[in-house]
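Participant: no sequence on hand, only this structure:
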Ligand SMILES: Nc1ncnc2c1ncn2[C@@H]1O[C@H](COP(=O)(O)OP(=O)(O)OP(=O)(O)O)[C@@H](O)[C@H]1O
């Protein structure tokens, strides 16, 4: 019978080891929660057996829809019970736990999707965690080790305590509960699993082992780890101290654990649930727009199972640390991912949401990289350390234990976008293979145990320890008697009184024994005194060690304070970093919008410039056209004027001919034919580009030449030069008597020969030496003498006012011109009386035009 059991165990072990070498994909389940009201519509449909169809609408009026399909290990619809979910997802993990294998189960989803409901449930409808505890205790109930036999060594492992120490601790606990009976009564009613009538299956356990259950409960809040079971009541019991952040460490076997958390041993499921509710009170929950009790942290409830083969000796000796097997099941209720716009979070809640989303993002990144490494054989570094969540479960993802995930979905159509993200992540996670590189530590098998408890004993919870009375009632005299080597003689037959020798012999033995007893007593006494001395020295040493310990504890406390302070600073810096990131993003956004504006403006400017260029071109064209038109018009007028001039010139020649009195020459009214003839004959003489006026100096010279030319020369010469007739000399009438004049005339202008103004007070311009003379003058007169081709003399007097300038100089404003044209007596026709009957009206007009005197133009500038 025994042998067959051993064989069975061996087969089981080989099979499990074989299965451990395989790679298992991460098992992902999906659970849909019921809709909260009839007004809500669902965006998911289950396509049996295990596919989920998600319909995403884009929210626009057009109602554009997209459909996505996701496959899972199993899908629990809205009607699924907590028991169904537990049996499928977690029961195998509890079985593994009892079999000595680690397990990790976490719920993931959007806020208000039912994660906490699935993991913890309610007192009316227990979730995975209470059910796991119930099944565990139901299974190991008869195989529990006495409490305090195993003690956490605070380095993620356990020590085996000596029986007396464990007994002492039990007694202390008993005394404390007796002293304070209220604490026992203050139990949370929700923790009463039997009241909830939870029916739990009983799993197979190794009958040769004993078990102890330890609980830890932590939360990861704002990327800091807090122990929810820490006693944070101040010593005076009046106030609550804030929880201190803990650090994550690696133990001797490279397993990650939270250092310094309270690991509390529980012997009943109620105790375990009590701890859960105790921790739950400290957990950070808050009201958001999505959930009235939204988890603001990731919670990790860990059940640790310690098992060891039953000790060989009656008194419990033989329990060895090396023979311990520790397995754990971590149940993680992740905080929900949430869009802050939808959860309507601000301030502290917003910061929490940021941290939650960051840690979930790191989890996502880790899974993605793990998958990439596994698919491509790459060896990229997985950023476990970026978040406490992934850092703590690094070992699971690296292959130590079974990992399962339940995706919780609230199938509201409003959440479809976020659900899509979650489901995509879940589908991707299924491709991650949890590679069990380290074989699961074998559960110690007690095949070597010599003693098997009697069948009736299995009903008792404490199977490891014999009844305390057994050890405490050990009779020392009996022990002492065991050391007498000389046995009593066989008991004689007392009916035969002849055997007196027996009495003597017995007496002798008794005396010897008495001596021996005395001897032993002395020996014991001496041993006792030496033991006392030794004990005293040990006590001394212990007290000094205790002092050392105290000192070290103080030091440790200070260090821990420092660590806390540093963590706080890191936390602050993280927050600052986050804020800066947000600022940076908003600034970038601002910059981007400004750049866009600038580009718009530049575009507008370019357009305007182009329009202006086009307008300019159009105007240029117009100007060119007008210029051309004007030039043509000018040209036309010029030619017309030239024609008029030429005609006048021709008429003059005709007159000249008449005056010359050549034979047969007489003035006839012009006819078309005779005019043409004269025009033809005079054509070579027609002036081309002849200036109307010469510069004053030139004019003056030519006038002087004329003046100096002597009479009596040939008629031809006289006709060519202008003649000044001193008799026709006229005075200008316009020189006011009271004005001081600046007289500007050609230097060698002969006096009394030309038309000159009479200036009483004048300064000749050529003799000016002082600027004050200019400033004293009020009038200016420029005299210009000119002659034309016919020898006529034209005298122009340009008059103006002398005005002072702001810089102290003077300027002239011309306002009058007097012109005298004196016809050459040589070229002039003989004077005709008005009664001359031969004079034609045309002739009179011509003559009048040739002798003009007076104010031609009066202009003011
Ligand atoms: N399957 C379900 N059946 C009935 N009620 C459910 C179910 N799932 C969730 N609920 C209810 O929905 C509400 C919100 O659920 P829960 O608090 O578990 O969401 P959560 O995902 O944990 O949210 P958060 O991430 O914000 O903490 C609770 O009142 C819960 O009782």
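Facilitator: Ah, there it is. Quick caveat, the model's predicted, so the values are computed rather than measured.

Participant: count the residues that sit near whichever residue of the stretch 751-861 of the chain sits closest to the ligand.
Facilitator: Taking Cβ to the nearest ligand atom, the ligand has its nearest neighbour within the stretch 751-861 of the chain at residue 806, 87.9 Å off. No exception for glycine: its C-beta is placed from N, CA and C like everyone else's. Residues lying near residue 806 (other Cβ atoms under 10 Å) number 5.

Participant: SS state for it?
Facilitator: Counting by DSSP: H, G, I helix; E, B strand; the rest coil, the backbone at residue 806 sits in coil.

Participant: return the residues in contact with it.
Facilitator: By Cβ atoms under 8 Å, 6 or more residues apart in numbering, residue 806 lies in contact with nothing.

Participant: okay, it: pLDDT?
Facilitator: Note for residue 806: predicted pLDDT of 80.

Participant: phi first, then psi, for it.
Facilitator: Backbone torsions of residue 806, given as degrees, to the nearest 10, read phi -60, psi -30.

Participant: got the residue ranges for the strands in the stretch 751-861 of the chain?
Facilitator: Using DSSP state E, counting those that start in this stretch, the strands found in the stretch 751-861 of the chain span residues 756-757, 761-764, 779-787, 793-804, 810-822, 853-857.

Participant: which of those strands is buried the deepest?
Facilitator: strand 779-787 (a mean of 23; mean count of other Cβ atoms under 10 Å).

Participant: what is that strand packed up against?
Facilitator: Contact partners of strand 779-787 among helices and strands, from 3 or more Cβ pairs under 8 Å, 6 or more residues apart in numbering; DSSP states H and E: helix 696-708, strand 740-744, strand 793-804.

Participant: mean pLDDT lowest for which of these?
Facilitator: Minimum mean pLDDT among the helices and strands packed on strand 779-787: helix 696-708, a mean of 41.

Participant: point to the helix or strand of the protein where mean pLDDT is at its lowest.
Facilitator: Using mean pLDDT, DSSP states H and E, the weakest-scoring helix or strand in the chain turns out to be helix 468-472, at a mean of 35.

Participant: packing partners of the strand or helix carrying residue 505?
Facilitator: According to DSSP states H and E, residue 505 maps onto helix 501-660. When contacts are defined as 3+ Cβ pairs under 8 Å, 6+ apart, helix 501-660 sits against strand 245-250, helix 347-376, helix 672-682, helix 841-850.

Participant: pick out the residue of the stretch 551-700 of the chain closest to the ligand.
Facilitator: residue 578 (20.7 Å).

Participant: please tell me how far the closest residue to that residue other than its chain neighbours sits from residue 299.
Facilitator: Leaving aside its chain neighbours, residue 578 sits nearest to residue 354 (5.8 Å; criterion: Cβ to Cβ, 6 or more residues apart in numbering). Distance of residue 354 to residue 299, given as Cβ to Cβ, to the nearest Å: 19 Å.

Participant: residue 375 now?
Facilitator: 32 Å.

Participant: with neighbour numbers in mind, choose between the two.
Facilitator: residue 299 (26 against 11).

Participant: doesn't that one fall inside a strand?
Facilitator: Yes - counting by three-state DSSP, residue 299 is part of a strand.

Participant: let me see the contact set for it.
Facilitator: Counting by Cβ under 8 Å, 6+ apart, residue 299 has contacts 217-220, 228, 279, 283, 332-333.

Participant: hmm, try it at 7 Å
Facilitator: 219, 283, 333 (Cβ atoms under 7 Å, 6 or more residues apart in numbering).

Participant: I'd say the second one and residue 228 touch.
Facilitator: In this case it means residue 283. Yes - the criterion here is Cβ atoms under 7 Å, and residue 283 meets it with residue 228 at 6.1 Å.

Participant: ranges for the strands of the stretch 301-450 of the chain?
Facilitator: Going by DSSP E, counting those that start in this stretch, the stretch 301-450 of the chain shows strands at 325-333, 402-409, 433-435.

Participant: just the buried residues of stretch 206-218, please?
Facilitator: 206, 208-218 (16 or more other Cβ atoms under 10 Å).
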